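Trainee: Could you work out the structure for the sequence below:
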Amino acid sequence: MIGVNTWVWVSPLTDETLAALAPRLAEWGFDVVELPVEQPGDWDPARAAALLPECGLGASVVLTMPPGRELVGASPQTVKETQDYLRHCVDVAVAVGAPAVSGPAYASVGRAWRMSPDERRTIYAELRENLEPVVSYAAEHGVRIGIEPLNRYETSVINTVEQALEALPEECGLALDTYHMNIEEKDPFGAIRLAGARIAHIQVCGNDRGAPGSDHFDWPAFAAAVRDVDYRGPLVIESFTADNRTIATAASIWRPLAPSQDALATEGLAFLRALMP
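Mentor: Sure thing, here's the model as predicted:
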C-alpha cells in the first residue's frame, strides 16, 4: 500500500481540503491518505470516515508535538494534557479505521538539550511511565502507537531505532521515516531490521524531503529490508509545501522540492509502485 500525507499540500487539514484532495488521490492511484491531527477539531473524523471509503481510500493518522506538548521534563498538568491529546488521536484513528497513530510522542519538536547518560536513563524511565497509559488505551481500542525517532536538529530525546528500543515500553511500536534515518542511522537498513516487528508505520521521502526516488537514498536496499521484516503497512510519502509559511518554517522547507506538489506526490507514487510491486 502506498499513501501520502496531506501536509504535501496543506496545513492544517480541514474538512473542505480533505474533500477536495481525496478524490484526486484516489484517481492518481494512492491507497491511503495520511491525516495529521494538529489540533482537535481542525477536521471531523466522522466526515472523513464517510468520505474516504467512497473514494476507495484507507487512512493513517499522525500526531503532532508543537510547543506545549510534552511527556518528559514537564509539569504534571502538561503531561496530562499531552496524554489526553494522544488519547484523542487514538479515538480519531478508531473513527477513520487507521491501524496506528504515529509521531514523536515524547517532546515538542525543536526542543533539544544535552543529557548525561544518567539524565537520559531518567528521561527514558519518565517516558515509559507517561506513555504506558496511552499505549494501553490504544491497545484496548485495537490501535498501535508508533513512536518516531527524529533527527538531531529536531530533538535530543530519540534519534535512532536503537535509542527507541531502549526508551520505549515493549508493547509500544515504532514509526520510521527515511528522512530522519538518512541523517541519523549509520546503517538505515540494519535499523529497519533491528526494529523488525516493532514497526507500526513507515514514512518515506527523498533525502531533501522531495519525492522518493529523486535522491541519493539506496531505495533497493530499503525495499529489501522492508521485505525482510515482513512489514505489511503502508509506505506513506511525507513532505511539506513551501507555500504555507507556518509549516514551511517548521519543516525548514525553503524552496520548492518538485515542479509542483502534485508532481512530488505522483512521481513518488510511480517510483514506489515500481520499487514495491
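Trainee: my read: residue 269 touches residue 28, true?
Mentor: Yes. Residue 269 is within contact range of residue 28, at 6.3 Å (criterion: Cβ atoms under 8 Å). Every C-beta, even on glycine, is put in place using the N, C-alpha and C of the backbone.
Trainee: who has more neighbours, those two?
Mentor: residue 269 (23 against 14; other Cβ atoms under 10 Å).
Trainee: What strand or helix carries the more buried one?
Mentor: Using DSSP states H and E, residue 269 sits within helix 261-275.
Trainee: helices or strands up against that helix?
Mentor: Applying 3 or more Cβ pairs under 8 Å, 6 or more residues apart in numbering; DSSP states H and E, one finds that helix 261-275 makes contact with strand 2-5, helix 15-28, helix 219-228, strand 235-237.
Trainee: between these, which one is nearest to residue 277?
Mentor: Taking Cβ to Cβ, helix 219-228 is the member of the helices and strands packed on helix 261-275 nearest to residue 277, at 9.8 Å.
Trainee: Touching that closest one from outside, list them.
Mentor: Applying Cβ atoms under 8 Å, 6 or more residues apart in numbering, the contact partners of helix 219-228 are 178, 188-190, 192-193, 202, 204, 212-213, 235, 271, 275-276.
Trainee: May I see the ChimeraX selection of the buried members of those?
Mentor: The buried residues among the contacts of helix 219-228 can be selected in ChimeraX (16 or more other Cβ atoms under 10 Å) with this line:
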select :178,188,189,192,202,204,212,213,235,271,275
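Trainee: Which members of the contacts of helix 219-228 are positioned in helices?
Mentor: The members of those that map onto helices under DSSP state H are 178, 188-190, 192-193, 271, 275.
Trainee: Which secondary structure element of the protein has the lowest mean pLDDT?
Mentor: When the helices and strands of the chain are scored by mean pLDDT, DSSP states H and E, helix 245-250 comes last with a mean of 73.
Trainee: ok so, going back, right, so of the helices and strands packed on helix 261-275, which gets closest to residue 121?
Mentor: The nearest among these, by Cβ to Cβ, is helix 219-228 at 29.3 Å.
Trainee: Tell me the first helix or strand C-terminal of the helix or strand in which residue 52 is found.
Mentor: Per DSSP H and E: residue 52 is located in helix 45-55. Counting by DSSP H and E, the next helix or strand C-terminal to helix 45-55 is strand 58-63.
Trainee: Packing partners of that next one?
Mentor: So strand 58-63, by 3+ Cβ pairs under 8 Å, 6+ apart, packs with strand 2-5, strand 32-37, helix 45-55, helix 76-96, strand 100-103.
Trainee: try it again with 6 Å
Mentor: Helices and strands touching strand 58-63, by 3 or more Cβ pairs under 6 Å, 6 or more residues apart in numbering; DSSP states H and E, are strand 32-37, helix 76-96, strand 100-103.
Trainee: so what does the top helix by length along the chain touch, helix or strand wise?
Mentor: When the chain is parsed with DSSP H, its longest helix is helix 117-140. Counting by 3+ Cβ pairs under 6 Å, 6+ apart, the packing neighbours recorded for helix 117-140 are helix 76-96.
Trainee: got the CA coordinates for the helix it packs on in PDB?
Mentor: Output of helix 76-96 as PDB, limited to C-alpha atoms (Å, rounded to 0.1, in the frame of the first residue of the first chain):
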ATOM      1  CA  PRO A  76       2.200  17.000  35.600                       C
ATOM      2  CA  GLN A  77      -0.500  19.200  34.100                       C
ATOM      3  CA  THR A  78       1.300  19.400  30.700                       C
ATOM      4  CA  VAL A  79       1.900  15.700  30.700                       C
ATOM      5  CA  LYS A  80      -1.800  15.000  31.400                       C
ATOM      6  CA  GLU A  81      -2.900  17.400  28.700                       C
ATOM      7  CA  THR A  82      -0.500  15.700  26.300                       C
ATOM      8  CA  GLN A  83      -1.800  12.200  27.200                       C
ATOM      9  CA  ASP A  84      -5.400  13.500  26.700                       C
ATOM     10  CA  TYR A  85      -4.400  14.700  23.200                       C
ATOM     11  CA  LEU A  86      -2.800  11.400  22.400                       C
ATOM     12  CA  ARG A  87      -5.900   9.500  23.500                       C
ATOM     13  CA  HIS A  88      -7.900  11.800  21.300                       C
ATOM     14  CA  CYS A  89      -5.600  10.800  18.400                       C
ATOM     15  CA  VAL A  90      -6.400   7.200  19.200                       C
ATOM     16  CA  ASP A  91     -10.100   8.000  19.100                       C
ATOM     17  CA  VAL A  92      -9.600   9.600  15.700                       C
ATOM     18  CA  ALA A  93      -7.800   6.500  14.400                       C
ATOM     19  CA  VAL A  94     -10.700   4.300  15.500                       C
ATOM     20  CA  ALA A  95     -13.200   6.600  13.800                       C
ATOM     21  CA  VAL A  96     -11.400   6.600  10.400                       C
END
